[in-house]
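Trainee: need a structure here:
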Amino acid sequence: MQRLVTSGTFELDGGSWDVDNNIWIVGDESDVVVFDAAHQAGPIVDAVAGRNVVAVVCTHGHNDHVTVAPELGKTLDAPVLLHPADDVLWRMTHPDEDFRGVEDGTRLRAGSVELRALHTPGHSPGSVCWYAPDLGAVFSGDTLFNGGPGATGRSYSDFPTILASISGRLGTLPSDTVVYTGHGDTTVVGDELVHYDEWVKNGS
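Mentor: Modelled structure (predicted):
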């Protein structure tokens with residue numbers, strides 16, 4: 001597993017914010033999955049280092065997670081995967097490009113690593129976390145961070161929905177599951193879920 005960080009902007013609802021994005025490359029010396037296609041394609045292609053890319057997986061459709069997805073897919077000869085509920089967000093960045101839809105329960109394999117899609121709406125309608133049971137890991141995109149749920153203050157997001165996704169989907173995973181996030185540091189499912197009642201009370 002490799003972590004790559006790229007920098008750029010997140011843009012929605014007329015605003016623009018500087019962000020650093022985590023890109024996760026998961027698999028083995030032959031086959032990998034790339035999680036999120038943020039900002040610049042070159043560093044991601046370099047990190048793949050000639051391995052077969054099973055898929056470029058977009059955890060959700062916000063522009064900072066799909067910036068170079070079509071370019072990467074073509075360069076690496078790999079499908080771009082996204083939940084269809086985020087089509088409206090995808091089209092804001094790539095109005096003339098297509099992706100391959102994934103659903104809850106979709107499975108991918110990169111070498112010896114199996115990945116299972118968990119549809120976790122809230123940060124966006126089509127947010128998906130990907131669980132790798134053999135790694136004891138989940139790739140959470142912007143659904144769960146070190147410090148709590150992803151943001152829900154912008155269009156197409158909803159706080160009660162993200163809480164339900166975290167408790168009902170991520171909360172069912174083993175408590176020691178490592179959470180590899182879309183931004184910032186990793187965390188552990190159990191370390192976050194102990195604060196669930198505080199999130200509900202504080203409304204954020």
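Trainee: what is the neighbour count of Val48?
Mentor: By other CB atoms under 10 Å, the residues close to Val48 number 21. For the C-beta atoms, the positions are set from N, CA and C on the backbone; glycine is no exception.
Trainee: cool, the one 10 residues further on as well?
Mentor: Other residues lying near Cys58 total 29 when counted by other CB under 10 Å.
Trainee: do I have it right that it meets Glu97?
Mentor: No - counting by CB atoms under 8 Å, Cys58 does not reach Glu97; the two are 11.6 Å apart.
Trainee: where do the contact lists of those two overlap?
Mentor: Both Cys58 and Glu97 are in contact with 69, 90, where contact means CB atoms under 8 Å, 6 or more residues apart in numbering.
Trainee: so where is the chain shaky, pLDDT-wise?
Mentor: Residues of the chain meeting the criterion pLDDT under 70: 204.
Trainee: CA-only coordinates of whichever strand in the chain runs longest, as CSV, when you get a sec.
Mentor: Of all segments of type strand in the chain, defined using DSSP state E, the longest is strand 15-27. Provided in CSV are the C-alpha atoms of strand 15-27 (Å, rounded to 0.1, in the frame of the first residue of the first chain):
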residue,chain,number,x,y,z
GLY,A,15,-16.4,28.6,-3.4
SER,A,16,-12.8,27.4,-3.7
TRP,A,17,-10.5,26.0,-1.0
ASP,A,18,-6.9,24.8,-1.1
VAL,A,19,-6.7,21.1,-0.2
ASP,A,20,-4.2,18.3,0.1
ASN,A,21,-5.6,14.9,-1.0
ASN,A,22,-4.5,11.4,-0.1
ILE,A,23,-4.2,9.0,-3.0
TRP,A,24,-4.0,5.4,-2.0
ILE,A,25,-2.4,2.7,-4.3
VAL,A,26,-3.3,-0.7,-3.1
GLY,A,27,-2.3,-4.1,-4.4
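Trainee: fine by me, thanks again.
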